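Peer 1: how would this look folded up:
(2 chains)
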Number of protein chains: 2
Amino acid sequence: MNVTNEQIQLARRPVGTPVMEDFAFVEAPVASPEDGELLVRTVYVSVDPYLRGRMQDAKSYIPPFQLGEVISSGVIAQVVESKSDQFAKGDLVLGALGWQRYTVTRAEAVRKIDASIEPVTLHLSMLGMTGLTAYFGLLDIGQPKEGETVVVSGAAGAVGSTVGQIAKIHGARVVGIAGTAEKCDYLTEQLGFDVAINYKEEVKAALREACPDGIDVYFDNVGGTISDAVFPLLNKFARIPVCGAISSYNNTEVEMGPRVQTALIKTSALMKGFTVGDYSDRYGEGLTALTTWYKEGKLKYEETITEGFDHIIDAFLDLFKGANLGKSIVKVAEIE
Amino acid sequence: MNVTNEQIQLARRPVGTPVMEDFAFVEAPVASPEDGELLVRTVYVSVDPYLRGRMQDAKSYIPPFQLGEVISSGVIAQVVESKSDQFAKGDLVLGALGWQRYTVTRAEAVRKIDASIEPVTLHLSMLGMTGLTAYFGLLDIGQPKEGETVVVSGAAGAVGSTVGQIAKIHGARVVGIAGTAEKCDYLTEQLGFDVAINYKEEVKAALREACPDGIDVYFDNVGGTISDAVFPLLNKFARIPVCGAISSYNNTEVEMGPRVQTALIKTSALMKGFTVGDYSDRYGEGLTALTTWYKEGKLKYEETITEGFDHIIDAFLDLFKGANLGKSIVKVAEIE
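Peer 2: Now for the predicted structure:
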């Protein structure tokens, strides 16, 4: 190999909504793999809202990116050169890899992809981390029961759309909250949601109407004022998996909202934050269930695929404009 | 019986902090008990912050008091006349009874008190609802482990002081937050708390210093800005039993505070509201444990006893001034 690598590094910490200038496109040499290592070529890159948190210099569940560090996320790559007997040239692998065209990685840091899954990008979306996030957050924390009302915010996103469908599989009545009429139509017409609410209209009244029996589970992807509208409608023993707070990620000051304590006491409700990594010892269970439902036609998905390494940052910035339907992925190269 | 009853009714719904004029002292005749009923004479009345919530006309875990209704709470009473073969004249009973000198009640709505417990008021405090509240909130939701750091707000109150002692029994490091230097001394010198913080001084800095290893359990009795100071110090998988929000009970407008969602996600923390009634099928277990610890000398208690039926409302209003140490009880009559 004698090619030049291209990398995307964190150039400075974003203040508020990230902008292109927060990132640097840098050229660097590509190292040769040592024993037990692989040289892989990036094919698909997952862009996710949670990465915004890693750009802050703040304590969280994973360390922040350092300035000058290559951004990393879920990546599907193809093996170019293998110094491991577990992998051969041409294998497709999945791992948390850098936003760069080539990566040298320890073989044990990636895993081979189940080639029977089509399209391969599902390993980054519904049959990957986002699907597992939906699965464990909803079933372990939310625990929806037959006939209960489940409300999902960010419902047309990668996690939310899967949450709603799993809730339907479990016999719940599902109300999705999304940001455009088109997304709302997608939820009710394509994914089988019972009701979809456009949060750019009157959420409070719409939620009251959509949930005449109150809310048993609120899967929270967004936080902020949309979540505020949910609290007064919680039923006794309601459960709130707190998965994301995209409405807050770009705030530069601590965001104020109605205190939740009194609502929690009145309803004995449970609110729990989580990240998919909390369930890493149960990924096998989750992937088996998701794959089974997918093959049975019970889970549909949507992906927003952006083309080209140079557009990774554009795709990332689009997440905060609510532009994506389903999982947002960048295609960097063809599979060879 | 030919005596006149005295009752305390809700005269109007309090706006903000309750005042004497929200209540009416009323005279009424005393009925005679029918078959299966008891006539009981009120001896001790429990006054509790949660009653403020029942004076609002708002949906909650128990129905609100109606205007003109006799206020009720935990009461120890003595049987004057029994039309039930389960009770005899002179028996001491416990139940949710009205703030009045005499009550006619169905026999099954009260239970006889374990006469081996001294003082009898413990049935209203540490070996009654407040002790059970501490027990289930801490152990079922908080689940403190050996060596973990447990923070309790309202620590010198009836629930908080028991929470801290149970946490110590379970091997945790316990930090109490209370409102006077005298209360803080009581917590560390009498109850064995490791650190006590006076919230009228700088809570944030004091908490950071008191919790160098972060906070694993926060038993929240108060809500508001004291709780705000806790969130940045939560450890991964922290648990927050939300028991009370006395700082908010008298607000006339929705109280705003920093949103908690991001802190919950970063730490995968759990926050759960509860009321003791959620555990009614496990009261026996709780009372057995509390009584055992008490008899072993592992649980100490404090009661603030106010004398006289005419001072029930004073004692209730004092709760919101932070005047009480431990459980607040009004002695209405002597045991005969």
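
Peer 1: need the residues of the stretch 201-336 of chain A near chain B, please.
Peer 2: A:220, A:223-224, A:227, A:236-237, A:242-245, A:248, A:254-275, A:278 (C-beta under 8 Å from any C-beta of the partner chain). (Glycine included, C-beta is placed from N, CA and C.)

Peer 1: which of those residues fall in helices?
Peer 2: A:224, A:227, A:261, A:262, A:263, A:264, A:265, A:266, A:267 (DSSP state H).

Peer 1: Provide a list of residues in contact with residue A:278.
Peer 2: By C-beta atoms under 8 Å, 6 or more residues apart in numbering or on different chains, residue A:278 lies in contact with A:136, B:237, B:268.

Peer 1: give me the neighbour count for residue A:108.
Peer 2: For residue A:108, the neighbour count with other C-beta atoms under 10 Å in any protein chain shown is 11.

Peer 1: low-confidence ranges, the stretch 51-200 of chain A, go.
Peer 2: Filtered on pLDDT under 70, the stretch 51-200 of chain A yields the residue ranges A:60-61.

Peer 1: and the residues of the stretch 201-336 of chain A next to chain B, which of them are buried?
Peer 2: A:220, A:223-224, A:227, A:242-245, A:248, A:255, A:257-275, A:278 (16 or more other C-beta atoms under 10 Å in any protein chain shown).

Peer 1: can you count the residues close to the closest residue to residue A:263 other than its chain neighbours?
Peer 2: Nearest residue to residue A:263, sequence neighbours excluded (C-beta to C-beta, 6 or more residues apart in numbering or on different chains): residue A:231, at 4.4 Å. If you count neighbours by other C-beta under 10 Å, residue A:231 ends up with 22.

Peer 1: and residue A:184, by the same measure?
Peer 2: Neighbours of residue A:184 (other C-beta under 10 Å): 22.

Peer 1: for stretch A:42-49, what is the distance to the chain centroid?
Peer 2: 11 Å (C-alpha atoms, centre = their mean, to the nearest Å).

Peer 1: regarding the most centrally placed residue in chain A, what is its secondary structure?
Peer 2: The residue lying closest to the centre of chain A (C-alpha atoms, centre = their mean) is residue A:130, at 4.4 Å. At residue A:130 the chain is in helix, as set by DSSP: H, G, I helix; E, B strand; the rest coil.

Peer 1: which one of the ones in helices among the residues of the stretch 201-336 of chain A next to chain B sits closest to residue A:143?
Peer 2: residue A:267 (15.2 Å; C-beta to C-beta).

Peer 1: looks like the closest one contacts residue A:234 (just checking).
Peer 2: Yes - assessed by C-beta atoms under 8 Å, residue A:267 is found in contact with residue A:234 at 4.6 Å.

Peer 1: reformat the contacts of residue A:278 as a markdown table; add distance to residue A:49.
Peer 2: Converted to a markdown table, these look like this (distance: C-beta to C-beta, whole Å):
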| residue | distance to residue A:49 |
| --- | --- |
| A:136 | 18 |
| B:237 | 22 |
| B:268 | 17 |
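
Peer 1: out of those, who's nearest residue A:65?
Peer 2: Out of these, the member with the shortest distance to residue A:65 (by C-beta to C-beta) is residue B:268, at 20.5 Å.

Peer 1: isn't the closest one up against residue A:273?
Peer 2: Yes - between residue B:268 and residue A:273 there is a contact at 5.2 Å, judged by C-beta under 8 Å.

Peer 1: per the record, what domains does chain A have?
Peer 2: Per automatic domain parsing, the structural domains of chain A span A:4-125+A:302-331, A:129-279+A:288-293.

Peer 1: so how far is the shortest one off the chain centroid?
Peer 2: Its chain's C-alpha centre and that of domain A:4-125+A:302-331 lie 14 Å apart, by C-alpha atoms, centre = their mean.

Peer 1: can you measure across it, start residue to end residue?
Peer 2: End-to-end distance of domain A:4-125+A:302-331 (C-alpha to C-alpha, to the nearest Å): 19 Å.

Peer 1: cool, and the longest one?
Peer 2: Its start and end residues considered, domain A:129-279+A:288-293 measures 16 Å (C-alpha to C-alpha).

Peer 1: next up, the contacts around residue A:185.
Peer 2: Neighbours of residue A:185 in contact, by C-beta under 8 Å, 6+ apart: residue A:196.

Peer 1: after the helix or strand hosting it, next one along is what?
Peer 2: Using DSSP states H and E, residue A:185 maps to helix A:181-185. Going down the chain from helix A:181-185, the next helix or strand is strand A:195-198, by DSSP H and E.

Peer 1: how about that next one: buried residues?
Peer 2: Here strand A:195-198 shows A:195, A:196, A:197, A:198 as buried, counting by 16+ other C-beta under 10 Å.

Peer 1: cool, and stretch A:320-332?
Peer 2: Here stretch A:320-332 shows A:320, A:322, A:324, A:325, A:326, A:327, A:328, A:329, A:330, A:331, A:332 as buried, counting by 16+ other C-beta under 10 Å.

Peer 1: can you pull the phi/psi pair for the first one?
Peer 2: In other words, residue A:320. The phi and psi values for residue A:320, taken as degrees, to the nearest 10, are phi -90, psi 0.

Peer 1: any idea how far the spatially closest residue to residue A:55 that is not a sequence neighbour is from residue A:157?
Peer 2: Of all residues not flanking residue A:55 in the chain, residue A:14 sits nearest, at 5.4 Å (C-beta to C-beta, 6+ apart). In this view, residue A:14 and residue A:157 are 20 Å apart by C-beta to C-beta, to the nearest Å.

Peer 1: do the same with residue A:216
Peer 2: From residue A:216 to residue A:157 the distance is 21 Å (C-beta to C-beta).

Peer 1: comparing these two, which residue is more hemmed in?
Peer 2: When neighbours are counted by other C-beta under 10 Å, residue A:216 and residue A:157 differ, and residue A:157 comes out ahead with 31 against 24.

Peer 1: who's the more buried one bridged to?
Peer 2: residue A:326 (DSSP bridges).

Peer 1: please consider this matter closed, and thank you.
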